[in-house]
Every structure is written in structure tokens, then in C-alpha cells.
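K.L.:
Fold the stuff below for me.
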Amino acid sequence: MSEGAIGGDKIPESNIGQEPFQQPSTKSSKPMIAGILLIIAGVLALLTWIPFATIDVSTIELVMENPQFQELSPGMTPEQLREGLAICGTVGCIFAVFSLLGGILALKRKLWGIALAGGIVGLFGFIPVIIPGILALIGLILVAISRKEFQ
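P.N.:
From the prediction side, this is the model:
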């Protein structure tokens, strides 16, 4: 306890420096949870797509030796397959980065529209993996319903 300026009144230390009639904060934890979920989904998506973007031709040649693969695409070369996987991996990584951006903005409670767009675009990066897609969808819903808490 410390003494007040008038008449030796005692002011609780927990109230020092606060406005006398300050309203309690009505902010919920929805944007924080949404941001965390979108960031986790983005990191998981990056971990999924980076191997596709950086796959080696020798690894593809091992896969192409399988007779079932030859039936699916008889005229495809390992280089063509590597280029296709690299393009898909790069696009998936870009979508994951949008999810990360949406998560960071949701944590900061800034730019609701961009945070929402990051969540929406991030959903497209999780097509081959279920768990990050579910996390991104929940995060997107939480961002959408907490619009009033953003600046």
C-alpha cells in the first residue's frame, strides 16, 4: 500500500497508475486462439510442402521404377515429374505463408480483412493434409466471428 496525495488515504498498489473509472477490457481470446491455430496450420503445411518443392530426381526415379506408376503415366520422365511436384510444392508453400500472415495479424488484432483473407487462402494449401486444414478452418471461423475486436 502507498499513501495517496490527499489526507494520507491509502490507495491499493494494484490500482496505482490506472484511471479511477476504467472499464474492464471486453476482449475475448478468440483472435489469439485463431492466430495460434493459423500459425500451427501454416507451419504444418510448410513442413508438408517443402519436401515436394525440393524433391530430388533420384528419389523420383526410385518411385518410377514401380510398374504401377508406369501404367499411370507411361510417357512421363523423372524431370517432368520433379518439375510438376516443385510447382505444386511452391504454390503450397505460398498458401502456407498466407496462413502464417493471417495468424500473425490475428494475434496482433490488426487488419481483420487481411487476417481473414490469409485464413481463406491458407485453406487451399492444406488439400493433401487433413489436420492443418481443420486447424485453419477453425482459426478462420474464429477470425470471422471476432471482427469487432480488430483495429
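K.L.:
Check which element follows the top helix by length along the chain along the chain.
P.N.:
If you go by DSSP state H, the chain has its longest helix at helix 78-108. Using DSSP states H and E, the helix or strand that follows helix 78-108 towards the C-terminus is helix 112-124.
K.L.:
Give me the residues contacting that next one.
P.N.:
If you take C-beta atoms under 8 Å, 6 or more residues apart in numbering as the criterion, helix 112-124 is touched by 34-35, 38, 41-42, 45, 95-96, 98-103, 105-106, 133, 136-137, 139-140, 143-144, 147, 150. Quick note: C-beta positions are derived from backbone N, CA and C, even for glycine.
K.L.:
Can you get me a residue count around the nearest residue to G122 once chain neighbours are set aside?
P.N.:
Distances taken as C-beta to C-beta, 6 or more residues apart in numbering place S99 nearest to G122, at 2.7 Å, with adjacent residues excluded. Using other C-beta atoms under 10 Å, S99 has 33 neighbouring residues.
K.L.:
Who are the contact partners of S99?
P.N.:
S99 touches 38-39, 41-42, 45, 118-119, 121-123, 125, 136, counting by C-beta under 8 Å, 6+ apart.
K.L.:
Next one: it relative to G75, how far apart?
P.N.:
Distance of S99 to G75, given as C-beta to C-beta, to the nearest Å: 36 Å.
K.L.:
What of A45?
P.N.:
For A45, the distance to G75 equals 32 Å [C-beta to C-beta].
K.L.:
what's the angle from the longest helix of the chain to helix 112-124?
P.N.:
Helix 78-108 and helix 112-124 meet at an angle of 150 degrees, taking axes from the mean of the first three to the mean of the last three C-alpha atoms, to 10 degrees as the criterion.
K.L.:
Can you list the buried residues in helix 78-108?
P.N.:
The neighbour-count check on helix 78-108 (16 or more other C-beta atoms under 10 Å) flags 78, 81-82, 85, 89, 92-93, 95-107 as buried.
K.L.:
Same question for stretch 53-65.
P.N.:
53, 55, 60.
K.L.:
Do you know the pLDDT at the residue lying closest to M32 once chain neighbours are set aside?
P.N.:
Spatial nearest neighbour of M32, excluding adjacent residues (C-beta to C-beta, 6+ apart): L107 at 6.1 Å. L107 is assigned a predicted lDDT (pLDDT) of 90.
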